[in-house]
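Peer 1: Quick one, structure for this:
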Amino acid sequence: MAKPVFYRLTPFLAVLAASLWLTPVSAQDASDNTVTRAVILMYSRFGEDAYPNASIRIEQFEAHLQELKDGGYQVLPVPAIVAALAAKRKLPENTVGITVDEAYLSTYTEAWPRLKAAGFPFTLFVATDSVDRGRGDTMSWAQIRELHRAGVTIGSLTASHPHMVEEDRAYNLGQIVRANDRFKTELGEVPTLFAYPYGEFSPALEQLVKTSGFAAAFGQQSGVAHSRHDQMSLPRFSLSDTYGGMERFRTAVQALPLIVSNFEPEDMIIDETPPAISFTVDPMMGDLSTLACFIGGVGRVPTVINADRHVDLQLTQDMPTGRIRMNCTQPTASGRWRWYGQQLTVPGE
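Peer 2: Numbers count the residues shown, from 1 in each chain. The predicted structure is shown next:
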């Protein structure tokens, strides 16, 4: 199978949705009080202008931190959020978790000092081979140990950051075990949190990660983590220079879960396009007349909503190759947005 070549980055979906519904009139936000929920943010590089799709500008990042400090949010350690989701234990309103993928040096030099000054905990997902190679743009084990001693949670991003969906179980298990061995040697313990490289996962990978002893695993699809979501495929909102504006940031951190089940296709690797995409929306979400779904490289996709609240996407054109984000949004009466996302991968030629 050829490697997916790139993200099809989509326009800011909430802005598009806002242009469609000037007055949100949807489900009652009160229903969200019955579901434990939190927004998880994902960063990667900081102040590295050569990577606008992966790096956040420093002034953007500082604005994000100021909003979290002033906007009534509760930034909690991601392990505490995961434990609350698993136990269905109530979290404070507007709980946010912060994660960073890859141990780039800019996390140590730019992000950590600012997070520390703000008093915000975060989780750093590390691919161990990158650290072992000692590249100039990557943190050293000594620096990672410094963060770890200071209370930063270290999670696993495997050993070599491969496209796991293209590999067999033995290879992927070897990636997890080899990374755990390095973590044990360098940090004295193995991580309990996992992030899928490139955000790519499958049912088989979810099972492998679960049986490997991880408490939770994270993709790169947008959405709100909640207590009815599979702990082995929790969503995160990815933030970068391209998608780090304050309007998008506020929409993300204020998002509410759009609770769905029975998503098809079960495997996120799309062998035939256009795929048949469908899911069922929980009755708690109320009226579905304002539900809208978007697919990167395609745009807004018409939907058919059946009497049993089963939603069929009427996708008639081929999807582009690469990693494609699907997002479905639903406005609420308070002006906040329900959000459900998936990341689909269409292999190249």
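Peer 1: For residue 184, give its distance to residue 304.
Peer 2: As defined by C-beta to C-beta, to the nearest Å, residue 184 lies at a distance of 51 Å from residue 304. Every C-beta, even on glycine, is put in place using the N, C-alpha and C of the backbone.
Peer 1: got it, and residue 103?
Peer 2: Distance of residue 103 to residue 304, computed by C-beta to C-beta: 45 Å.
Peer 1: between those two, who's got more neighbours?
Peer 2: It is residue 103, of residue 103 and residue 304, that has more neighbours when counted by other C-beta atoms under 10 Å, with 25 against 10.
Peer 1: Identify the residues contacting the nearest residue to the more buried one once chain neighbours are set aside.
Peer 2: Spatial nearest neighbour of residue 103, chain neighbours left out: residue 139 (4.3 Å); criterion: C-beta to C-beta, 6 or more residues apart in numbering. Residues in contact with residue 139, defined by C-beta atoms under 8 Å, 6 or more residues apart in numbering, are 103-105, 107-108, 131.
Peer 1: Name the helix or strand for residue 144, please.
Peer 2: For residue 144, the element it lies in under DSSP states H and E is helix 141-149.
Peer 1: tell me how far that helix is from the chain's mean position?
Peer 2: Distance of helix 141-149 from the chain centroid (C-alpha atoms, centre = their mean, to the nearest Å) equals 24 Å.
Peer 1: next helix or strand past that helix?
Peer 2: strand 153-156.
Peer 1: could you point out which element follows that following strand?
Peer 2: Moving toward the C-terminus from strand 153-156, the next helix or strand (DSSP H and E) is helix 169-187.
Peer 1: and that next one, average pLDDT?
Peer 2: Here helix 169-187 scores 98 as its mean pLDDT.
Peer 1: tell me the mean pLDDT for the next helix or strand after that helix?
Peer 2: Once helix 169-187 ends, the next helix or strand along the chain (criterion: DSSP H and E) is strand 193-195. For strand 193-195, mean pLDDT is 98.
Peer 1: And whichever helix or strand comes after strand 193-195, what's buried?
Peer 2: Next in sequence after strand 193-195, counting helices and strands by DSSP H and E, comes helix 203-211. Across helix 203-211, burial judged by 16 or more other C-beta atoms under 10 Å covers 205-206, 208-210.
Peer 1: which among these gets closest to residue 328?
Peer 2: residue 206 (20.9 Å; C-beta to C-beta).
Peer 1: Can you tell me the closest non-neighbouring residue to that closest one?
Peer 2: Leaving out its chain neighbours, the residue that sits closest to residue 206 by C-beta to C-beta, 6+ apart is residue 232, at 4.0 Å.
Peer 1: show me the residues around that neighbour that make contact.
Peer 2: The contact partners of residue 232, taken as C-beta under 8 Å, 6+ apart, are 201, 206-207, 209-210, 214, 216-217.
Peer 1: can you check residue 266 too?
Peer 2: Applying C-beta under 8 Å, 6+ apart, the residues near residue 266 are residue 203.
Peer 1: Then residue 215?
Peer 2: Contacts for residue 215 were tallied using C-beta under 8 Å, 6+ apart; they are 79, 82-83, 86, 192-193, 231.
Peer 1: Tell me the one of the contacts of residue 232 nearest residue 94?
Peer 2: residue 216 (20.3 Å).
Peer 1: The closest one: neighbour count?
Peer 2: For residue 216, the count of nearby residues is 26 (other C-beta under 10 Å).
Peer 1: and it, how far is that from residue 270?
Peer 2: 25 Å.
Peer 1: ok, now residue 151?
Peer 2: For residue 151, the distance to residue 270 equals 40 Å [C-beta to C-beta].
Peer 1: Over to residue 170?
Peer 2: According to C-beta to C-beta, residue 170 and residue 270 sit 25 Å apart.
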